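[1] Let's see this in three dimensions:
(2 chains)
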There are 2 protein chains.
Amino acid sequence: MQKWKRSARLVDMTQQLLGKPHQLIPLNAFAERYQAAKSSISEDLAIIHEVFREEGSGLLETVSGAAGGVRYIPMASREGAEELARDLCRELENPDRILPGGYLYLSDLLGNTRLVREIGRVWASVFHNRRPDAVVTVETKGIPLAYSTASFLGVPVAIIRQDSRITEGSVVTINTVSGSSKRLGSLSLSRRSLSEGSRVLVVDDFMKAGGTVQGIVELMREFHAEVIGVGIMAETQVNERLVEDYASLATLTDVDVKSRTIVVEPGSLFRQGGFLYGTDSDG
Amino acid sequence: MQKWKRSARLVDMTQQLLGKPHQLIPLNAFAERYQAAKSSISEDLAIIHEVFREEGSGLLETVSGAAGGVRYIPMASREGAEELARDLCRELENPDRILPGGYLYLSDLLGNTRLVREIGRVWASVFHNRRPDAVVTVETKGIPLAYSTASFLGVPVAIIRQDSRITEGSVVTINTVSGSSKRLGSLSLSRRSLSEGSRVLVVDDFMKAGGTVQGIVELMREFHAEVIGVGIMAETQVNERLVEDYASLATLTDVDVKSRTIVVEPGSLFRQGGFLYGTDSDG
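    Take a look at the predicted model:
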């Protein structure tokens, strides 16, 4: 085993920590890897923590004791989240997104890996205190967001299907009614995809009245799972919402198909009493 | 602007580079950010490059000249890819995966963000020389893999649907016949999801005869797009394959429903003449 210089150690530790969010790494593992004293490792970690904290990109949590170690908690700064929401609002206001029936084209945003990663970072930052142990979404467009969020939280993803496939094995299915269009549908989740009693964070790209999210909450009950939070990329303003407790990044206040205008504001995450600015009751 | 210490600079630069794979960052941007001489920045980059190279996790590519800078290229070492394939084979051999009809349950693997990230790193490493500018997959199970691969390549994702939705706007649809079961189906991709003439990397979780991949190749023709590579997580051994040029991580050589045994070998990526060991003609 070669001995590492501090400069090389800092680069490697940064890389290791970023690749293992929310995972406890024993100080011994670092000390052995770098053939360095634990005191040197602690100094290195203090430097990394300070840089992450200054940049608002995360922090290192130290757990003392025999089973102790260090854990990287990815964070998004308030400024970062606000900038992301502003960018998203600007993108959403592009009138070329308007499709027949007042639907909006969003696939380009969800195909943008950079944007999706930053949204995942925000959700992970907002909800990690509620200790989710899985991220749940409905196919198809929510999947990139769920995957990104789960990566930052270091937890698995469970994907709910709108049809049930043979390759899912034994599934639990519930019937749903869309809150806005009153259309009938169903939601299915494979038994094996989610442990009973999980604490789940629900993530989706778009919400109207909230029928889908309400369906997910119901389906989660069948798994004795608790929904600890709901993160939505963009929501439309509606008179009656089926879901009250959620955090959105952007709110579409007006979509006018005739005049081809879309008006978008930063979402519920930023409102007074909301997740970022208000008092988060922590579950 | 504060002046940064080298130790803090190394941590921050590592973080910046890891977050922007395949993106050219001008040295000036670093020099300004850290209020440091370009020569110091170059020394820092040399340290980072050396650590990435030693660990096999990537390399820094320096582009000289006025429009120059540095670019982080994520890589997977051969040993890393082999270890990943071995882990995957072991996971796939679990007889509990066998479903009625000889299908295999794979959703837990695709919900494992750590595994999905490592697979994405391998595909990005194998195919980046062919300069893909988009990653394409078919919903649903291929999406996490496509997203992960595209993140490491710094390119967008386009998701092909098996039904066409109103929220996709104008779509191109082709009809398909499944290579193994001869079932009819269709594949649709939104016009706006993919630029004409793109160089696309196709990624999917599972391949039998290859009917789906063949369908994707056909659909890509409608976009005047070129398929520069195909990455498959697991394939079954079949007598006649519709697709020849692909790289798989694992090959299922036998699935016996009666005796409940699954035999899995490392995939085509590792075979003589394959992508990792053979002569890759580079497109």
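[2] got the residues of the stretch 101-250 of chain A near chain B?
    With the criterion set to Cβ under 8 Å from any Cβ of the partner chain, the stretch 101-250 of chain A comes near chain B through A:101, A:103-108, A:110-114, A:116-117, A:139-141, A:143-144, A:147-148, A:150-151, A:154-159, A:161, A:166-169, A:190, A:192-193. To be clear about C-beta, it is placed using only N, CA and C from the backbone, and glycine gets the same treatment.
[3] Could you report the separation of A:V122 from chain B?
    Per Cβ to the nearest Cβ, to the nearest Å, A:V122 is found 15 Å from chain B.
[4] what's around that residue, how many residues?
    26 (other Cβ atoms under 10 Å in any protein chain shown).
[5] that older thread, buried among the residues of the stretch 101-250 of chain A next to chain B? Make that a ChimeraX selection.
    Buried residues within those, by 16 or more other Cβ atoms under 10 Å in any protein chain shown, are selected in ChimeraX with:
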select /A:103,104,105,106,107,108,110,111,112,113,116,117,139,140,141,143,144,147,148,150,151,154,155,156,157,158,159,161,167,168,169,190,192,193
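[6] biggest helix in chain A by residues?
    helix A:38-55 (DSSP state H).
[7] C-terminal to that one, what's the next element?
    Following helix A:38-55 in sequence order, the next helix or strand is strand A:58-63 (DSSP states H and E).
[8] which parts of that next one are buried?
    A:G58, A:L59, A:L60.
[9] near chain B at all, stretch A:27-35?
    No: remark: stretch A:27-35 sits outside contact range of chain B, by Cβ under 8 Å from any Cβ, the gap being at least 10.6 Å.
[10] Phi first, then psi, for A:G267.
    Phi and psi for A:G267, reported as degrees, to the nearest 10, are phi -80, psi -170.
[11] Need the nearest residue in space to it, chain neighbours excluded.
    A:S248 (3.3 Å; Cβ to Cβ, 6 or more residues apart in numbering or on different chains).
[12] Please list all residues in contact with that neighbour.
    A:M207, A:G231, A:I232, A:M233, A:A234, A:E235, A:G267, A:S268, A:L269 (Cβ atoms under 8 Å, 6 or more residues apart in numbering or on different chains).
[13] sorry, back to before: for the longest helix of chain A, the averaged confidence score.
    Mean pLDDT, helix A:38-55: 96.
[14] Need the contact partners of that helix.
    If you take Cβ under 8 Å, 6+ apart as the criterion, helix A:38-55 is touched by A:6, A:9-10, A:13-14, A:17, A:27-28, A:30-31, A:34, A:58-60, A:62, A:70, A:72, A:75, A:77, B:7-8, B:11-12, B:15.
[15] do the same with stretch A:184-193
    By Cβ under 8 Å, 6+ apart, the list of residues contacting stretch A:184-193 reads A:136, A:138, A:158-164, A:168-178, A:212, A:215-216, A:219, A:223, B:105, B:107-108, B:111.
[16] Which parts of chain A are strands?
    Secondary structure of chain A (DSSP state E): strands located at A:58-63, A:69-74, A:134-138, A:157-160, A:171-177, A:184-190, A:199-207, A:226-236, A:247-256, A:261-266.
[17] Dump those strands to a markdown table, plus distance to B:R86 and mean pLDDT.
    A markdown table is the format used below for these (distance: least, Cβ to Cβ, whole Å; pLDDT from 0 to 100):
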| stretch | distance to B:R86 | mean pLDDT |
| --- | --- | --- |
| strand A:58-63 | 31 | 95 |
| strand A:69-74 | 27 | 97 |
| strand A:134-138 | 27 | 97 |
| strand A:157-160 | 24 | 97 |
| strand A:171-177 | 31 | 89 |
| strand A:184-190 | 26 | 91 |
| strand A:199-207 | 31 | 97 |
| strand A:226-236 | 36 | 96 |
| strand A:247-256 | 40 | 94 |
| strand A:261-266 | 47 | 96 |
